[in-house]
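Chemist: sequence and predicted structure below; questions after.
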There are 2 protein chains.
Amino acid sequence: MNFSSKLIEEAVNAFAALPGIGRKTALRLVLHLVKQQPEVAEQFAEAIVKMRRNIKECERCHNISDEKRCAICADRHRDQSLVCVVENIRDVMAIESTGQYRGLYHILGGVISPIEGVGPADLNIDSLVQRIQPEGIKEVIMAISPTIEGETTIFYLSKKLRDTGVQVSTIARGISFGGDLEYADELTLGRSIVARVPYKGMSD
Amino acid sequence: MNFSSKLIEEAVNAFAALPGIGRKTALRLVLHLVKQQPEVAEQFAEAIVKMRRNIKECERCHNISDEKRCAICADRHRDQSLVCVVENIRDVMAIESTGQYRGLYHILGGVISPIEGVGPADLNIDSLVQRIQPEGIKEVIMAISPTIEGETTIFYLSKKLRDTGVQVSTIARGISFGGDLEYADELTLGRSIVARVPYKGMSD
């Protein structure tokens, strides 16, 4: 693309360096900002810089946080004896959005994946094991994707946690609500029959 | 979405205010910047602010420009007697990318559209008419999309330009190179037969 403007070109390159943003999309975003009042671009840039300068990692659960401890860890109304282990921050957001969980989290920062060169030492595993006894944690819920890497990570973690005496559980797996039986994969469908649960009626 | 971080939420809102960026995409971009070194976010924001603060409108052709006159108007090697009239900046970029045009431009800033409330006074039409004689312009090429609004605009412009004595032309219309005859719309195909041109052999 021929921009006939160095300023536009640099701004397009800045946007296009973000994941999933091509040069045509980048140009559209830049031209949008050109059309707006200068303050719009200033405020946009300020929000990004302010976020990046001040964002921290929670010292306890490794969640992203505005303070030394994240808002979830700092909330004394949450169940302090329950820890949900997740792969990344997005999983925390997904679980929080359900409104069904009132315990704490521990963010691993990934899963064990020899192919991608991610070993246990690259993940926040030691800090999880070290939390259990001082914090009086009674149950650790593994909310990790049921992939090969995920299952390996759960297996590794459960072995590591065995000596602490904490109860380890995984999130329930089966057919999605609203999911069509005929479109479910065979593994999920098969396991959901084996792991069937007593019917409790229409009340939730 | 529940962000558990005011900083992240503000940055997501900033990205999501851009056209075509939803909140999920915005979150992905923000988390990408969180993962990078702080300098990446700073440089990104700086490119945007610098662009918006310093970008100008070319005083002659209304193109976006780093200086009072855009790089195209300032280029004395270009044909100063030829002006290509386009709707917007993106059209300039598209034509420049072909490398086939060495004249100047005039950006209208839109087309006449009564439905959207855009009248001739909202477009850069007077400044086009006023350019013709002082600049010694000999030909005005209408490179405007062949929509109803576009054709109306071309008709209006050609009437306005009649007194200046300048030659008015439009870009050639017909079947696209590589286009399949059977998939061309009837209007284009019909007109391309009526406006057939003598065959000039294989040399371009």
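Modeler: All right, it came through fine. Residues are numbered from 1 along each chain as shown, chains lettered A, B, ... in the order given.

Chemist: what's the end-to-end length of stretch A:86-102?
Modeler: 15 Å (CA to CA, to the nearest Å).

Chemist: what's that stretch in contact with?
Modeler: A:63-64, A:72, A:77-79, A:82, A:84, A:105-111, A:143-145, A:150, B:1-4, B:27, B:31 (CB atoms under 8 Å, 6 or more residues apart in numbering or on different chains). For glycine as for every other residue, the C-beta is placed from the backbone atoms N, C-alpha and C.

Chemist: so which of those are in helices?
Modeler: In helices, judged by DSSP state H, the following of these are found: A:Ile72, A:Gly150, B:Leu27, B:Leu31.

Chemist: quick check on the residues you listed: which are buried?
Modeler: A:Ile72, A:Gly150, B:Leu27, B:Leu31 (16 or more other CB atoms under 10 Å in any protein chain shown).

Chemist: that older thread, put the buried members of the contacts of stretch A:86-102 into a PyMOL selection.
Modeler: A single PyMOL command selects the buried members of these (16+ other CB under 10 Å):
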select buried, (chain A and resi 63+64+72+82+84+105+106+107+108+111+143+144+150) or (chain B and resi 3+4+27+31)
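
Chemist: where in chain A is pLDDT low?
Modeler: For chain A, the stretches flagged by pLDDT under 70 are A:1, A:201-204.

Chemist: quickly list the domain ranges of it.
Modeler: A:6-54, A:78-198 (automatic domain parsing).

Chemist: check those domains for me and report the most buried one.
Modeler: Of all the domains of chain A, domain A:6-54 carries the top mean neighbour count, a mean of 18, counting by mean count of other CB atoms under 10 Å in any protein chain shown.

Chemist: next, see if it gets close to chain B.
Modeler: Yes - Domain A:6-54 comes into contact with chain B (CB under 8 Å from any CB of the partner chain), by way of A:6-8, A:10-11, A:13-15, A:17-21, A:25, A:27-34, A:38, A:41-54.

Chemist: start to end distance for that domain?
Modeler: End-to-end span of domain A:6-54 (CA to CA): 31 Å.

Chemist: distance from the chain centre to that domain, please.
Modeler: Relative to its chain's centre, domain A:6-54 lies at 26 Å (CA atoms, centre = their mean, to the nearest Å).

Chemist: about what we covered before: closest to B:Cys58 out of the domains of chain A?
Modeler: Minimum separation from B:Cys58 across the domains of chain A (CB to CB) falls at domain A:6-54, 12.6 Å.

Chemist: what's A:Arg196 sitting at in phi/psi?
Modeler: phi -60, psi 150 (degrees, to the nearest 10).

Chemist: list the contacts for it?
Modeler: Taking CB under 8 Å, 6+ apart as the definition, A:Arg196 has no contacts.
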